[in-house]
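Colleague: Below are the sequence and a predicted model; questions follow.
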Amino acid sequence: MRTFKSTAHDPARRSAAGSGAGSETEAKDTSKARGERAEARALAYLQGQGLALVVRNYRCKGGELDLVMRAPDGTLVFVEVRSRSSDAFGGALASITVTKRQRILQAANHYLATLDHAPRCRLDVVAIGPRRLEWLRDAFGAGESE
């Protein structure tokens, strides 16, 4: 069975700064709504690039995959969608910590274990910032092993 390997070092760190405004529930609702809009935008973009949706928001113990897509060549593509309203602190890409990567890899491996045959696959990131959407293919460079 194919599995993804975790990378050892991630120099990017997520900012812990908060706005301090509003209740925690309001902040979560706003954050959740922003995340859903970002996922919908990423999905529409990837479909426009020829990928087909397989699963949205695949959850398992210890991890989640925002989008599971199939590329025109048959490659299974696990997509992490990151959105930030500012490029401060490194923007959307910098928000993917080592822990977050490990959770994505765990979820991808869990998903692959549900299949009869493990197809060729990769992990991509769609980073949505205030001025652009960036699609990074094989973003983690995790590679595959038998």
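Modeller: Great, that's in hand.
Colleague: how about the strands in the protein?
Modeller: With DSSP state E as the criterion, the chain has strands at 3-4, 52-60, 63-70, 76-83, 121-128, 133-136, 144-145.
Colleague: Dump those strands into JSON lines; add distance to Ala108 and mean pLDDT as well.
Modeller: For glycine as for every other residue, the C-beta is placed from the backbone atoms N, C-alpha and C. Formatted as JSON lines, the strands of the chain follow (distance: least, CB to CB, whole Å; pLDDT from 0 to 100):
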{"stretch": "strand 3-4", "distance to Ala108": "5", "mean pLDDT": "59"}
{"stretch": "strand 52-60", "distance to Ala108": "9", "mean pLDDT": "96"}
{"stretch": "strand 63-70", "distance to Ala108": "6", "mean pLDDT": "96"}
{"stretch": "strand 76-83", "distance to Ala108": "5", "mean pLDDT": "95"}
{"stretch": "strand 121-128", "distance to Ala108": "6", "mean pLDDT": "94"}
{"stretch": "strand 133-136", "distance to Ala108": "16", "mean pLDDT": "92"}
{"stretch": "strand 144-145", "distance to Ala108": "10", "mean pLDDT": "44"}
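Colleague: Any chance of those in TSV with distance to Thr114 and mean neighbour count as columns?
Modeller: Output for these, formatted as TSV (distance: least, CB to CB, whole Å; neighbours: other CB atoms under 10 Å):
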stretch	distance to Thr114	mean neighbour count
strand 3-4	13	18
strand 52-60	9	14
strand 63-70	11	20
strand 76-83	12	23
strand 121-128	13	22
strand 133-136	26	16
strand 144-145	17	11
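Colleague: how about the helices in the chain?
Modeller: Listed in chain order, the helices of the chain (DSSP state H) span 24-48, 91-94, 98-113.
Colleague: These: which one's closest to Glu80?
Modeller: When the helices of the chain are compared by CB to CB, helix 98-113 sits nearest Glu80, at 5.5 Å.
Colleague: Now do the closest one against strand 52-60, angle only.
Modeller: 110 degrees (axes from the mean of the first three to the mean of the last three CA atoms, to 10 degrees).
Colleague: got the buried residues for helix 98-113?
Modeller: Lys100, Arg101, Arg103, Ile104, Leu105, Gln106, Ala107, Ala108, Asn109, His110, Tyr111, Leu112 (16 or more other CB atoms under 10 Å).
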